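Visitor: need a 3D model of the sequence below.
(chains A and B)
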Amino acid sequence: MSLPELKLRGVSHAYALKTVLEGIDLDLPAGRVLALVGPSGCGKTTLLHLCAGLLVLRTGAIENGFRNPAVMFQQPRLLPWKTARDNIALGLKAAGLPQAECISRAQAMGHAVGLDAAALDQFPHTLSGGMQSRAALARALVLEPDLLLMDEPFSALDIGLKAQLHRQLLDHLARRSLAVLMITHDLMEAVRLADSVLVMASDPGRIAHRIEIAAPALTRDDAFVHRTTAELLQAPAVRECFGLEAPPDAGMACEGSAAMVVRIGSAQPRGKKGFSC
Amino acid sequence: MSLLRAWLAGLPAYLWSGWGAVASLLLLLAAWEGASAHYGALILPDPASTFATLHRLIDSGAAWPELAVTARRALAGLALAVATGSLLGLAAGVSMTASMMSRPLVTVLLGTPPIAWLVLAMLWFGADDGTPVFTVFIACFPIVFVGALQGARTLDHHLKDMARVFRLPLAMKLFDLYLPHVVSYLFPAWITALGTSWKVVVMAELLSSADGVGAALAVSRSHLDTAATLAWIGAVVGLLLLVEYLLLEPVKRDVERWREVGHEPA
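Guide: Down below sits the predicted model:
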């Protein structure tokens, strides 16, 4: 039997008369991490909802060979009347596992993403945003999915928390083979986690640029991520997607300007200010 | 069982937290005393003689049967309203069309004074239990219905999507998603309906029945016995306060523990 795969062919989608996605083709084989990057409103979330089966596909074809997909949404979407522990156990309980096993596995996964017993006992509204995101990540990972769909899951977190959760996700990926389709507007996040980065343009949403990153995600250090992000940002197609003006010296070699970008705007690859000089 | 134990364990702290309420009730008694001293005992007997009358009514065994009759009617009407109102409200909330259609009807029901229903009920049911029970039902029904309708309508579609992608089976969707949310709307509506039922039943009895607290009020009015009138009112209100604050409020706190905002980091 061949390995499962998520295959999109000619996927388009329209809300009423507004076309939000046009002619999307992509392949996500088992165990790969694919990041879709694009400006807000380019149809990324629509694409993810189509893959998750939350929207009805009108045009094109989606072939999903994965048996056990899980989703992590943009907001944590925890049930407010359940403790963090019960929230994490939700998918297990839905799968019909015995109560004791649900709880013990939820507990173990909660600890793995950095939630201690006291935090697991709390209701979501008393947890901080970072803790809620951890619980949402644990709720998805505890199902041991073979495909994880993520919709800007870390976008509301500060860079420190983001880095911690990236690390926890990568640790999990190192232990288990898991295909990830991840949506983000943060190029650095994409470069840090993904094997392939697809950049989407808006109106209508389409794939404008693609790069493959060969280095294994766990070996990428900050310098590598900054350098690769800066290189990616030199591509005219990428700049156009994000509405950045063309670089003043478009013909110049990447290295020099990349160093400049790293120095000036390392935390905010999207910020226009870093590139105006 | 665990609910009972939690209720008992939480009781002392809960009662202790009631001092503020006690203080404001005592202030009310003081104002009553003052008004009574000003207007004279015929217009407004003082609290002491009112409670003495109430005590005598209870001691003589006259109070309990009347209160039991009234409670039976109020609870029967309330139970009918809670059952049908919750079911129909939820059903209407699930469908957009049904909720749009039912809204003006509910407004009509809410706007119709209970006394109008009482007159109709007296024509339809005569002087037996049917009249107060129906009046209570029709007065409480729209309150419960609106609570259930809003509970069903306001469910977050984000959570519905979440339930879908985590493949929650129907029973889990019901018990882990819909019910806890709906109960947080239904429970306050039930408590409001309880208060309404208690008021409406006394009014209905006053005009239509030969027994019950309402009827006893009518008798004491015809005797110009203000102390007895106030004693009956005190009995009805006291019973309602006991039920609401000793039974319903602690249950509500337990059911809605997840809502307690500790003003901790959000």
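
Visitor: which parts of chain A sit against chain B?
Guide: Within chain A, the residues that sit near chain B (C-beta under 8 Å from any C-beta of the partner chain) are A:49, A:52-54, A:69-71, A:73, A:75, A:77, A:79-82, A:90-91, A:93-96, A:123, A:125-129, A:139, A:143. In short, each C-beta sits where N, CA and C put it, glycine included.

Visitor: so which of those residues sit within helices?
Guide: When the residues of chain A next to chain B are checked against helices using DSSP state H, the ones located there are A:49, A:52, A:90-91, A:93-94, A:129, A:139.

Visitor: what sits against residue 54?
Guide: With no chain named, the answer covers chain A. Residues in contact with A:Leu54, defined by C-beta atoms under 8 Å, 6 or more residues apart in numbering or on different chains, are B:161, B:164-165.

Visitor: hmm, I had chain B in mind actually
Guide: When contacts are counted by C-beta under 8 Å, 6+ apart, B:Leu54 is found next to B:63, B:231-232, B:234-235.

Visitor: go on, A:Leu148?
Guide: Contacts for A:Leu148 (C-beta under 8 Å, 6+ apart) come out as A:69-72, A:140-141, A:178-182.

Visitor: which two from those residues end up farthest apart in space?
Guide: Based on C-beta to C-beta, the longest span within the contacts of A:Leu148 runs between A:Leu141 and A:Leu181 and measures 15.0 Å.

Visitor: of these two, who's got more company?
Guide: For A:Leu141 versus A:Leu181, neighbours defined as other C-beta atoms under 10 Å in any protein chain shown are more numerous around A:Leu181 (26 against 23).

Visitor: I'd guessed that one sits against A:Pro29; true?
Guide: No. Distance between A:Leu181 and A:Pro29: 11.4 Å, which falls outside the contact criterion (C-beta atoms under 8 Å).

Visitor: pLDDT value on A:Pro4, please?
Guide: Looking at A:Pro4, its pLDDT stands at 89.

Visitor: what's the neighbour count on it?
Guide: That count, for A:Pro4 with other C-beta under 10 Å as the rule, works out to 19.

Visitor: I'd like the distance between it and chain B.
Guide: If you measure A:Pro4 against chain B using C-beta to the nearest C-beta, to the nearest Å, the figure is 17 Å.

Visitor: I'd say that residue and A:Asp146 touch.
Guide: Yes. With contact defined as C-beta under 8 Å, A:Pro4 reaches A:Asp146; the gap is 6.4 Å.

Visitor: which stretches of chain A form strands?
Guide: Here chain A has its strands, by DSSP state E, at A:5-15, A:18-29, A:33-37, A:59-64, A:69-72, A:147-151, A:179-184, A:196-201, A:206-212.

Visitor: who does the third one touch, helix- and strand-wise?
Guide: When contacts are defined as 3 or more C-beta pairs under 8 Å, 6 or more residues apart in numbering or on different chains; DSSP states H and E, strand A:33-37 sits against helix A:44-52, strand A:179-184, helix A:187-193, strand A:196-201.

Visitor: of the ones you listed, which is nearest A:His226?
Guide: Nearest of the helices and strands packed on strand A:33-37 to A:His226, taken as C-beta to C-beta: helix A:187-193 at 7.4 Å.

Visitor: state the pLDDT value of residue 98.
Guide: Picking chain A for this. In this model, A:Pro98 is scored at 93, pLDDT.

Visitor: try again with chain B
Guide: Here the pLDDT value assigned to B:Ala98 is 88.

Visitor: what residues are up against it?
Guide: Contacts were defined as C-beta under 8 Å, 6+ apart; by that measure B:Ala98 touches B:91-92.

Visitor: B:Ser60 and chain A, how far apart?
Guide: Remark: distance between B:Ser60 and chain A (C-beta to the nearest C-beta) = 49 Å.

Visitor: related to what we said a few turns ago, ok, and which of the contacts of A:Leu54 reach chain A?
Guide: With C-beta under 8 Å from any C-beta as the criterion, the members of the contacts of A:Leu54 in contact with chain A are B:161, B:164-165.

Visitor: PyMOL command to pick out the buried ones of those residues?
Guide: Once 16 or more other C-beta atoms under 10 Å in any protein chain shown is used to decide burial, the buried members of those can be selected in PyMOL as follows:
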select buried, chain B and resi 161+165
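
Visitor: now, which of the ones next to chain A among the contacts of A:Leu54 sits nearest chain A?
Guide: For the ones next to chain A among the contacts of A:Leu54, the minimum distance to chain A (C-beta to the nearest C-beta) is 4.2 Å, reached by B:Val165.

Visitor: quick check: closest non-adjacent residue to the closest one.
Guide: In space, and not counting its chain neighbours, B:Val165 is closest to A:Val71: 4.2 Å by C-beta to C-beta, 6 or more residues apart in numbering or on different chains.

Visitor: just checking, the one you found touches A:Leu149?
Guide: Yes. Contact status for A:Val71 versus A:Leu149: in contact at 4.7 Å, counting by C-beta under 8 Å.

Visitor: TSV please, covering the ones next to chain A among the contacts of A:Leu54 and showing secondary structure and pLDDT.
Guide: Formatted as TSV, these follow (DSSP: H, G, I helix; E, B strand; the rest coil; pLDDT from 0 to 100):
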residue	secondary structure	pLDDT
B:Asp161	helix	90
B:Arg164	helix	90
B:Val165	helix	90
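
Visitor: how about the ones next to chain A among the contacts of A:Leu54 in TSV, adding distance to B:Ala71?
Guide: Conversion of the ones next to chain A among the contacts of A:Leu54 to TSV gives the following (distance: C-beta to C-beta, whole Å):
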residue	distance to B:Ala71
B:Asp161	46
B:Arg164	45
B:Val165	49
